[in-house]
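[1] sequence plus the predicted model coming up.
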Protein chains: 2
Amino acid sequence: MERELLLLGLLRQMDMHGYRLAEFIERDLTICTDLKKSTAYFLLDKMVKQGWITQHQEQEGNRPLRRVYRITPEGEVQFQQSLRENLSRHTSATFVGDIGLSFVDALAPDEAIALLRQRRAALAEDLAAARVVPKHEGAWQLLIEHRVVHLEAELHWLDEVLARLAGGN
Amino acid sequence: MERELLLLGLLRQMDMHGYRLAEFIERDLTICTDLKKSTAYFLLDKMVKQGWITQHQEQEGNRPLRRVYRITPEGEVQFQQSLRENLSRHTSATFVGDIGLSFVDALAPDEAIALLRQRRAALAEDLAAARVVPKHEGAWQLLIEHRVVHLEAELHWLDEVLARLAGGN
DNA sequence: TTATGATTAGTCAATCCTGACTAATGGAGG
DNA sequence: CCTCCATTAGTCAGGATTGACTAATCATAA
């Protein structure tokens, strides 16, 4: 339900057409989801069928037709429910990078260290980028700080891993 | 490719039948993946078709037939490649819990705090469980420590969020 | 002996997700 | 004024994922 919660929450703030919605999610909401454009359209269609949102055509100048979505009262009920559910539960993140790490013994220590140093560089770059994001208003600021906190913890941990590999297991 | 890497890496350590593989992943590898049993079978079939693994029937006593999988030389090549790829790249985790948090303003502060305290309790419980896991040999120990480090960071951050909400934004 | 329930092993239809595509417009440069 | 290319908006076939199911065996306990 999380993806639907996200779409409902955004539509709750203002009516939006699919493309704008998807673009915003893909560009600015990578912290909490990896929803793609075509998935967004799929979910929006589904929510129309469920009566959580309505859809109407709109045209601006000669630009292509847009499908603009608006949340319904039933959608608002669903939003309230999903929001409470989401806030009260803890869902632990999964770390795909740990899959490789769990087989690190398959490689010579030197090569493993070299590869993990590349990972470290990429991580450090992400962290630098996250630190530079300008202050936002309200709850969005929390997400930005969350990202920084998380990336810092990752960096420290990865350094610890590297130190341990360098020191022979 | 990460799910395939995981399956190849496990089969590389020993031949295994689908059920055992899936059970192990679902019980012990929640840190790095959320692969389900039926998905495991799907991927194993696909890898058989690709020639990365072979499959043969086996029967123990009167127990139902098992499909036992074994990695091939081509599978080993694929494993080596995916492993290097995985170790060298950084893939940031996504936090579904942040979706709700981004709409926390939709609720009265008191209710938001109450809900997030439930989340905190669940998180603290997960952390306590992670701390209690006995020491493992080799790289698996790294994953356990990663989980603890991550959950600790989450707990601190959530306390900070709660403090800020309690103090009026 | 014979319910009862837990464990083992795998299947499948329904749903979800996405990469690659179409197709139109606006603007910059020649 | 014409070509080229980035941007906007959305579509779709095909692959990925899973919840709910079957069906056999084993344990155990009445």
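    Structure's in. What do you need? All of these numbers come straight from a predicted model, not from anything done at the bench.
[2] dump the residue contacts of A:E2.
    Applying CB atoms under 8 Å, 6 or more residues apart in numbering or on different chains, we find A:E2 in contact with A:33, A:82, A:86, B:96, B:99. C-beta coordinates here come from the backbone N, C-alpha and C atoms, glycine included.
[3] give me every residue in chain A lying close to DNA strand C.
    Applying CB under 7 Å from any atom of the strand, we find that chain A lies next to DNA strand C at A:3, A:34-39, A:41-43, A:46, A:61-64.
[4] just the buried residues of the contacts of A:E2.
    Buried members of those, counted by 16 or more other CB atoms under 10 Å in any protein chain shown: A:33, A:82, A:86, B:96, B:99.
[5] now, these that are in helices?
    Among these, the ones falling in helices (DSSP state H) are A:82, A:86, B:99.
[6] of the buried ones among the contacts of A:E2, closest to DNA strand D?
    Using CB to the nearest atom of the strand, B:V96 comes nearest to DNA strand D of these, at 12.9 Å.
[7] I'd say the closest one and A:C32 touch.
    Yes - with contact defined as CB atoms under 8 Å, B:V96 counts as touching A:C32 (6.2 Å).
[8] if we can go back for a sec, export the contacts of A:E2 to TSV and tack on pLDDT?
    Output for the contacts of A:E2, formatted as TSV (pLDDT from 0 to 100):
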residue	pLDDT
A:T33	94
A:S82	96
A:N86	96
B:V96	95
B:I99	96
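[9] could you identify the most distant pair in those residues?
    Spatially, the most separated pair among the contacts of A:E2 is A:T33 and A:S82, at 13.8 Å (CB to CB).
[10] could you measure A:L143 against DNA strand C, distance?
    Using CB to the nearest atom of the strand, to the nearest Å, we find A:L143 at a distance of 20 Å from DNA strand C.
[11] let me redo that: A:I99
    In terms of CB to the nearest atom of the strand, A:I99 sits 18 Å off from DNA strand C.
[12] among the ones in helices among the buried ones among the contacts of A:E2, which ones lie close to DNA strand D?
    Near DNA strand D, taking CB under 7 Å from any atom of the strand as the test, no member of these is found.
[13] hmm, back to that, dump the contacts of A:E2 to JSON lines, plus distance to A:P134.
    Output for the contacts of A:E2, formatted as JSON lines (distance: CB to CB, whole Å):
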{"residue": "A:T33", "distance to A:P134": "21"}
{"residue": "A:S82", "distance to A:P134": "29"}
{"residue": "A:N86", "distance to A:P134": "26"}
{"residue": "B:V96", "distance to A:P134": "25"}
{"residue": "B:I99", "distance to A:P134": "22"}
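[14] closest one to A:R117 out of those residues, please.
    Distance to A:R117, by CB to CB, is smallest for A:T33 among the contacts of A:E2, at 29.5 Å.
[15] surely the closest one and A:F24 touch.
    No - at 11.4 Å, A:T33 does not count as touching A:F24 under the criterion of CB under 8 Å.
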